[in-house]
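Undergrad: any chance you can model this:
(2 chains)
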Number of protein chains: 2
Amino acid sequence: MSLDQPSDRPHDRLARLLAGEMDQVNHLIRDRMASEHAPRIPEVTAHLVEAGGKRLRPMLTLAAARMCGYSGVNHVKLAATVEFIHTATLLHDDVVDESAQRRGRATANLLWDNKSSVLVGDYLFARSFQIMVETDSLRVMDILADASATIAEGEVLQLTAAQNLATDEAIYLQVIRGKTAALFAAACEVGGVVAGASEEQVAALRDYGDALGISFQIVDDLLDYDGDAGATGKNVGDDFRERKLTLPVIKAVAQANDEERAFWQRVIEKGRQEEGDLDQALGLLHRHGAMEATRTDALMWAGRAKGALQAFPAGEIKDMLDDLADFVVARAH
Amino acid sequence: MSLDQPSDRPHDRLARLLAGEMDQVNHLIRDRMASEHAPRIPEVTAHLVEAGGKRLRPMLTLAAARMCGYSGVNHVKLAATVEFIHTATLLHDDVVDESAQRRGRATANLLWDNKSSVLVGDYLFARSFQIMVETDSLRVMDILADASATIAEGEVLQLTAAQNLATDEAIYLQVIRGKTAALFAAACEVGGVVAGASEEQVAALRDYGDALGISFQIVDDLLDYDGDAGATGKNVGDDFRERKLTLPVIKAVAQANDEERAFWQRVIEKGRQEEGDLDQALGLLHRHGAMEATRTDALMWAGRAKGALQAFPAGEIKDMLDDLADFVVARAH
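TA: So this is what the prediction gives:
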């Protein structure tokens, strides 16, 4: 497997192939995050935007448009729109999660304050909306408005579901479909729409993004219990400490005996965590095969993503998107 | 003056005239604040929406559309859009200001938590965007996207300007144009656009809303130092205690001698407030005629609002909008 070589990772290959358009996207982002009157806005935004995220979502928009033969310029605007929506949700997420680190740097809510994160997030969301209006496509606006509502709904659902042991796999799926997959799906779909692709292909792009996003989030949640902090930038057990009920724990809870159930109630629902609890949780996850079962689910969703791509003829971008689905799961050993 | 009789207030007369359409707006709001998956959303929204705000902004959209002879149904959607944007900003404002009361009730951030207020606000903003897409008007979306960005920009500017004695009247105007007048202006403007009014009338509606919103906010800031808590639902001195530099204080600071300047620096910039400081501040505001000068500014903006209405022929709604501009200032004795 050459997937471990940074330069051979599918998103690095996509980034090279789309470098010219990504430059335009980055230029548009820098241009539109400016504010004549409130310098705090570009300060906060630049801190996050220039920390160097993978720009996965805007890349999906560009790739989808190009795979559908698009030769115009509106896909650059849509890619910037998608990244602005993503950045706005990150700013608000960090306030909601009371996070101190993001992309290896102190979060904006820590460096400035929660107020700035809330209001600059609102500004970026409004900006995203302005840019998409420039594309003159009501259908694109419809898709992105729906995605924005679904994202917020998923986040609110997570608030009430995360610390409740009654949360099952169906509710978990609904949460991650909202908070993660909705924007992946919309990013892909608008790329097809702007290119004038067939309805079948537009639907396939949406399915690809949805399944890729679900797989991506399941692996993220898995790595939280099984990751290498150096490689992922995450610390093992963050979700556990924050009492976030994610798929591995949901699977272990479903098979828990009375004593184990009492443990999960104490650490997740009541939040009374003690020294050694994380190890105990990891032990339970392994005993019930919850890690392996979670990885199997992620593989299944990656397979669905690849299946959706069959609506497209063979080609370089299709291959890369196919590899990307493999790579998302390969992150989990 | 019969303006003191509740039923004769201009917005009550407008409300009676537009009762049928306002019922439709309220119905649409209740319908769209629902969420199949996240019951927290309608709980939080209902708490705020049903506390009985004046619905001034959606009423402006309905009134503008009707004054321009509109007979369709899209103005109801736009009015609901405007109220959703307003509600979303209130939820976020209460987080930013750490408020405990709004419309005489405990705020959502207090009853639930900041997280719910941030995320439900995001949801309502996305919902507003979905409803406006249904009107199929790119121009309307353009106006409301710009207004949303201007609102957030004004709020961020206020963060950095509010506790800084260098903030002058020009910056204050920019802040309140953003945080308050932008939505008043857009609410009026889209009413004209949806009715297919002439460019001259659309511009006049925008000017009316802008000037009315500025006048409204100046009076609000004045009442904070001069109000009757029973009548306004506000406590005298809230802005002072929150160290918010508003127009009355800006005017007093501009005329302050060295000793007075040191006082303002201590209480506003450094936030070291002591017993008796509010009385001292009120004394300085009166000594320099700052209250009266602020009221004169509000009157001037109300006059501008009325002037803009001259683009319209005489009629019942025009009269009410005219009275509304008077009433906004009449609140300040």
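Undergrad: contact residues of the stretch 51-200 of chain A facing chain B?
TA: Counting by Cβ under 8 Å from any Cβ of the partner chain, the residues of the stretch 51-200 of chain A close to chain B are A:89, A:92, A:95-96, A:114-116, A:118-120, A:122-123, A:125-127, A:129-130, A:133, A:136, A:138, A:141-142, A:145-146, A:148-149, A:151-153, A:155-157, A:159-160, A:174, A:178. C-beta here means a position set from N, CA and C on the backbone, and glycine is covered the same way.
Undergrad: quick check: mean pLDDT of the strand or helix carrying A:Asp319?
TA: Using DSSP states H and E, A:Asp319 sits in helix A:316-330. The pLDDT scores in helix A:316-330 average 94.
Undergrad: show me the contact partners of that helix.
TA: Residues from elsewhere that reach helix A:316-330 (Cβ atoms under 8 Å, 6 or more residues apart in numbering or on different chains): A:1, A:3, A:9-11, A:13-14, A:17, A:63, A:66-67, A:208, A:211-212, A:215-216, A:219, A:295, A:298-299, A:302-303, A:305-306, A:309, A:312.
Undergrad: thinking again about what came up before, which PyMOL command selects the buried ones in the residues of the stretch 51-200 of chain A next to chain B?
TA: The PyMOL command for the buried members of these (criterion: 16 or more other Cβ atoms under 10 Å in any protein chain shown) is given here:
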select buried, chain A and resi 89+92+95+96+114+115+116+118+119+120+122+123+125+126+127+129+130+133+138+141+145+146+148+149+151+152+153+155+156+157+159+174+178
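Undergrad: buried ones in the helix holding A:Asp319, by neighbour count?
TA: A:317-318, A:320-330.
Undergrad: and of those residues, the nearest to chain B?
TA: A:Val328 (25.0 Å; Cβ to the nearest Cβ).
Undergrad: please enumerate the helices of the stretch 51-200 of chain A.
TA: Ranges of helices in the stretch 51-200 of chain A, per DSSP state H, counting those that start in this stretch, are A:56-67, A:74-96, A:108-111, A:114-133, A:138-161, A:169-176, A:182-194, A:199-226.
Undergrad: now do A:Ala162, the pLDDT please.
TA: If you check A:Ala162, the pLDDT there is 85.
Undergrad: which SS class is the residue nearest to it when sequence neighbours are not counted?
TA: Spatial nearest neighbour of A:Ala162, chain neighbours left out: A:Lys244 (4.7 Å); criterion: Cβ to Cβ, 6 or more residues apart in numbering or on different chains. The three-state label given to A:Lys244 by DSSP: H, G, I helix; E, B strand; the rest coil is coil.
Undergrad: what residues are up against A:Lys244?
TA: A:Gln158, A:Ala162, A:Gln163.
Undergrad: and stretch A:31-43, how far from the chain's centre?
TA: How far stretch A:31-43 lies from its chain's middle: 25 Å, per Cα atoms, centre = their mean, to the nearest Å.
Undergrad: correction: the previous question concerned stretch A:56-64.
TA: 13 Å.
Undergrad: ok, back up a step: looking at the helices of the stretch 51-200 of chain A, which is nearest to B:Met33?
TA: Of all these, helix A:138-161 sits nearest to B:Met33, with 11.3 Å by Cβ to Cβ.
Undergrad: and that closest one, how far out from the chain middle?
TA: On Cα atoms, centre = their mean, the centre of helix A:138-161 falls 13 Å from that of its chain.
Undergrad: where does the prediction get shaky in the stretch 101-250 of chain A?
TA: Scanning the stretch 101-250 of chain A for pLDDT under 70 picks out the ranges A:101-103, A:227-234.
Undergrad: picking that back up, TSV please, covering the contacts of A:Lys244 and showing distance to B:Asp23 and neighbour count.
TA: Formatted as TSV, those follow (distance: Cβ to Cβ, whole Å; neighbours: other Cβ atoms under 10 Å in any protein chain shown):
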residue	distance to B:Asp23	neighbour count
A:Gln158	35	26
A:Ala162	38	18
A:Gln163	40	16
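Undergrad: secondary structure element for the residue lying closest to A:Ala80 once chain neighbours are set aside?
TA: Distances taken as Cβ to Cβ, 6+ apart put A:Leu28 closest to A:Ala80, at 4.3 Å, once the chain neighbours are dropped. Per DSSP H and E, A:Leu28 falls inside helix A:19-32.
Undergrad: could you check the angle helix A:56-67 makes with that helix?
TA: Here the directions of helix A:19-32 and helix A:56-67 differ by 130 degrees (axes from the mean of the first three to the mean of the last three Cα atoms, to 10 degrees).
Undergrad: mean confidence for the following helix or strand past helix A:19-32?
TA: Downstream of helix A:19-32, the next assigned helix or strand under DSSP H and E is helix A:40-49. Over the span of helix A:40-49, the pLDDT mean works out to 79.
Undergrad: tell me the contacts of A:Gln273?
TA: So A:Gln273 contacts A:Phe240, A:Arg241, A:Arg266, A:Val267 (Cβ under 8 Å, 6+ apart).
Undergrad: so which of those sit within helices?
TA: With DSSP state H as the criterion, helices contain A:Phe240, A:Arg241 from among the contacts of A:Gln273.
Undergrad: compile the contacts of A:Gln273 into JSON lines and extend it with columns for distance to A:Gly192 and neighbour count.
TA: Converted to JSON lines, the contacts of A:Gln273 look like this (distance: Cβ to Cβ, whole Å; neighbours: other Cβ under 10 Å):
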{"residue": "A:Phe240", "distance to A:Gly192": "39", "neighbour count": "22"}
{"residue": "A:Arg241", "distance to A:Gly192": "40", "neighbour count": "14"}
{"residue": "A:Arg266", "distance to A:Gly192": "48", "neighbour count": "14"}
{"residue": "A:Val267", "distance to A:Gly192": "44", "neighbour count": "20"}
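Undergrad: how close does the closest residue to chain B within the stretch 201-333 of chain A sit to A:Gln310?
TA: When distances are taken as Cβ to the nearest Cβ, the stretch 201-333 of chain A reaches nearest to chain B at A:Glu242, 12.1 Å away. As judged by Cβ to Cβ, to the nearest Å, A:Glu242 and A:Gln310 stand 39 Å apart.
Undergrad: and A:Asp8, by the same measure?
TA: According to Cβ to Cβ, A:Asp8 and A:Gln310 sit 24 Å apart.
Undergrad: for the closest residue to A:Thr45 other than its chain neighbours, what are its contacts?
TA: Distances taken as Cβ to Cβ, 6+ apart put A:Met33 closest to A:Thr45, at 4.2 Å, once the chain neighbours are dropped. When contacts are counted by Cβ under 8 Å, 6+ apart, A:Met33 touches A:Ile41, A:Pro42, A:Thr45, A:Ala46, A:Val49, A:Phe84, A:Leu124, A:Arg127.
Undergrad: tell me the phi and psi of A:Met33?
TA: phi -80, psi 0 (degrees, to the nearest 10).
Undergrad: was I right about A:Phe263 contacting A:Leu284?
TA: Yes - A:Phe263 is within contact range of A:Leu284, at 7.3 Å (criterion: Cβ atoms under 8 Å).
Undergrad: who touches both of these two?
TA: In contact with both A:Phe263 and A:Leu284: A:Ala256, using Cβ under 8 Å, 6+ apart.
Undergrad: what about the closest residue in space to A:Gln310 that isn't next to it in sequence, how many neighbours?
TA: For A:Gln310, ignoring the flanking residues on the chain, the nearest one in space by Cβ to Cβ, 6+ apart is A:Ala204 at 7.7 Å. By other Cβ atoms under 10 Å in any protein chain shown, 22 other residues sit near A:Ala204.
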